[in-house]
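[1] here you go, sequence then predicted model.
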Amino acid sequence: MSKASNPSEIYVDADACPVKGEIYKVAARHGLNVHVVSNGGVSVPRDPRVKLVIVGMDPDAADDWIAARVGPRDIAVTADIPLASRCVKAGAAAISPKGRVFSEDSIGMTLATRNLMTDLRSAGEVTGGPRPFSPRDRSAFLSALHEAIVRQKR
């Protein structure tokens, strides 16, 4: 059976992901497999559809593992913009834990903005950090995940 005829799978860049519990619930409701990819220290529910993948301590190990496996019809959950770009290029849906959907149309500008901010911080500019995770973010994520699953099933 080809990947295209299999159901979607969800890949989670799990270190510091605040919506893992929501992902497990939604995936169970839709009968989807979840790959929880981490450098360690993450626990997952006892569910045959939820697979914990522990990768090496290299900072890009989880990103590389996900990017090597994600494909069309899959969904990646990550706050990492370069990983989101790799997933979108592979044909997958990519969603941030705050509900931002990365698309072919938006990922180029998103990457450019991220790189600019990285350069500014490297030059000593104080740019501030991301705003705290909120209940509104959790709601936006759940909505975006549901929409991605429906789209990927078509």
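    Everything's here; your move. Numbers count the residues shown, from 1 in each chain.
[2] output the below-cut-off pLDDT ranges for this protein.
    1-7, 107-110, 112-121, 126-129 (pLDDT under 70).
[3] ok, 90 please
    The chain contains residues with pLDDT under 90 at 1-7, 15-16, 40-41, 59, 103-132, 151-154.
[4] mind checking the SS state of His35?
    strand (DSSP: H, G, I helix; E, B strand; the rest coil).
[5] quick check: it vs Ile10, distance?
    7 Å (CB to CB, to the nearest Å). C-beta here means a position set from N, CA and C on the backbone, and glycine is covered the same way.
[6] likewise Arg49?
    Separation of Arg49 from Ile10 (CB to CB): 10 Å.
[7] secondary structure class for Ala148?
    helix.
[8] so which residues of this structure form helices?
    20-30, 61-69, 81-89, 104-122, 135-153 (DSSP state H).
[9] ok, which of those helices comes nearest Ile75?
    helix 135-153 (5.0 Å; CB to CB).
[10] which elements pack onto that closest one?
    helix 20-30, strand 75-77, strand 93-95, strand 101-102 (3 or more CB pairs under 8 Å, 6 or more residues apart in numbering; DSSP states H and E).
[11] show me the contacts for Ser43.
    Ser43 makes contacts with Leu52, as judged by CB atoms under 8 Å, 6 or more residues apart in numbering.
[12] burial count for Pro135?
    Number of residues near Pro135 (other CB atoms under 10 Å) recorded here: 7.
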